[in-house]
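In: Just the structure for this:
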Amino acid sequence: MSSIDIGLVGVGKIARDQHLPAIDSSPDFRLVATADPYARLEGIDGYDSLAAMLDGVPDLQAVAICTPTHLRHSQARLALEHGKAVLLEKPPGATLSEVEDLMALAERRGCPMFAAWHSRFAPGVAQAREWLAERDIHRIEIEWKEDVRVWHPGQAWIWEPGGMGVFDPGINALSIVTEILPQPFFLRSARLAVPSNCQTPIAAELAFSDAQETPIQAAFDFRQTGPQTWDIHVDTEDGRLSLTHGGSRLVVDGQVVLEAEEREYVGLYARFAELVAGRVSDVDVAPLRHVADAFLYGRREATEPFIE
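Out: Numbering: from 1, shown residues only. Below is the predicted model:
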């Protein structure tokens, strides 16, 4: 199969840090254009909007959308209406109804669509899923804490409706847990800490359980300083499994089973190439549904104003 001509919508931090290196190293994709009213890439045709890019490069085969969440629905619809395969940076939409609308449109148009939960491609995730599939699980603890000033410098949209606040990174943890646990689980309580000058939470404490009443506790916080914490611990009949460093380190019963370089987006684009070749979609809304439940079910607590 020849390389897939892809256009990148949004040339911000996540695109530059992750998507561009992954595309550059991929044998499956060739970046031919970008759409961003504020930024350009040297040597690549740049357009001020997705509409202009689609008009300017009619033979484009795929589009990766890396804009703020609240913009993705309209952009994805436009790309799908033009018959393009679509990769949606996580989360795939601001609401479940937006994503469901895109799923229906992708099916009608026969266009592959990929909800790109990049953390599921962390090195230890697949092996953790296999190990847990054969064991009784007693308890799960999730700790996902990072510094918003490092990962979203000056990005006010993350505090606005649709921006998700601390759930922007927290949904990565939920994408892993929904992937590795053999049973679905459900929200039981949520406490959301929302700064008085923001619309989305800066921290969250969530309690879930599955049908067997297995306790699942999650703590998300955007105020972390120093070392960042992206850890998941699962207690089982055969000891504790720990996925740490965002899933790049796997420890089972005190023994390091796997420790590897983070290459999530390389795996993500390899998966997207498979979907484009097979003309099929891969859109799992489970992580987004848990976030929606937290906003619906959560108890909101005001905190001091947040100033970046």
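
In: Pro123 is in contact with Ala260, correct?
Out: Yes. Ala260 is within contact range of Pro123, at 3.8 Å (criterion: CB atoms under 8 Å). For every residue, glycine as well, the C-beta is placed using N, CA and C.

In: which one of those two has more residues nearby?
Out: Taking other CB atoms under 10 Å, Ala260 and Pro123 do not tie; Pro123 has more neighbours (22 against 13).

In: for that one, what are its contacts?
Out: With contact taken as CB atoms under 8 Å, 6 or more residues apart in numbering, Pro123 is in contact with 247-248, 250, 258-263.

In: ok, back up a step: now list whatever residues contact both of Ala260 and Pro123.
Out: Common neighbours of Ala260 and Pro123, counting by CB under 8 Å, 6+ apart, are Ser248.

In: Show me the helices in the stretch 1-150 of the chain, by range?
Out: For the stretch 1-150 of the chain, applying DSSP state H, counting those that start in this stretch gives helices covering 13-14, 20-25, 50-56, 72-81, 96-109, 125-132, 148-151.

In: May I see those organised as TSV, with distance to Thr34, mean pLDDT and mean neighbour count added?
Out: TSV is the format used below for the helices of the stretch 1-150 of the chain (distance: least, CB to CB, whole Å; pLDDT from 0 to 100; neighbours: other CB atoms under 10 Å):
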stretch	distance to Thr34	mean pLDDT	mean neighbour count
helix 13-14	13	92	16
helix 20-25	10	96	16
helix 50-56	7	98	18
helix 72-81	13	97	21
helix 96-109	21	97	16
helix 125-132	30	97	18
helix 148-151	22	94	15
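
In: Gln212: which of those helices is closest?
Out: Gln212 lies closest to helix 125-132 among these, at 13.7 Å (CB to CB).

In: neighbouring contacts of the closest one?
Out: 119, 176, 179-182, 234, 236, 241, 243, 247, 250, 252, 257-258.

In: Buried ones among these?
Out: Among the contacts of helix 125-132, those scoring as buried are 119, 176, 179-181, 234, 236, 241, 243, 247, 250, 252, 258 (criterion: 16 or more other CB atoms under 10 Å).

In: rewinding a little: determine which two of the contacts of helix 125-132 are furthest apart.
Out: Going by CB to CB, the pair spanning those furthest: Ser119 and Thr236, at 21.3 Å.

In: what's the nearest residue to Asp48 if we skip its chain neighbours?
Out: Leaving aside its sequence neighbours, Asp48 sits nearest to Pro37 (CB to CB, 6 or more residues apart in numbering; 4.6 Å).

In: my guess is that neighbour meets Leu50, correct?
Out: No. With contact defined as CB under 8 Å, Pro37 does not count as touching Leu50 (10.4 Å).

In: quick one, strands of the stretch 201-308 of the chain?
Out: Secondary structure of the stretch 201-308 of the chain (DSSP state E, counting those that start in this stretch): strands at 203-210, 215-221, 229-236, 239-244, 249-252, 255-259, 299-303.

In: before we move on, what about the stretch 51-200 of the chain?
Out: 62-65, 85-89, 113-116, 137-145, 185-195.

In: Which residues does the first one contact?
Out: Yep, that's strand 62-65 we're talking about. Strand 62-65 is contacted from outside by 4-10, 15, 19, 23, 29, 50, 72, 75-76, 79, 84-89, 272, 276, using CB under 8 Å, 6+ apart.

In: Are any of those buried, and if so which?
Out: Neighbour-count burial (16+ other CB under 10 Å) applied to these gives 4-10, 15, 19, 23, 29, 50, 72, 75-76, 79, 84-89, 272, 276.

In: re earlier: looking at the strands of the stretch 51-200 of the chain, spot the one closest to Ser281.
Out: strand 113-116 (4.4 Å).

In: next one: the closest one to chain centre, how far?
Out: Taking CA atoms, centre = their mean, to the nearest Å, one finds the center of strand 113-116 at 10 Å from the center of the full chain.

In: Save the strands of the stretch 51-200 of the chain as JSON lines, and put in distance to Gly163 too.
Out: Formatted as JSON lines, the strands of the stretch 51-200 of the chain follow (distance: least, CB to CB, whole Å):
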{"stretch": "strand 62-65", "distance to Gly163": "16"}
{"stretch": "strand 85-89", "distance to Gly163": "13"}
{"stretch": "strand 113-116", "distance to Gly163": "18"}
{"stretch": "strand 137-145", "distance to Gly163": "17"}
{"stretch": "strand 185-195", "distance to Gly163": "12"}
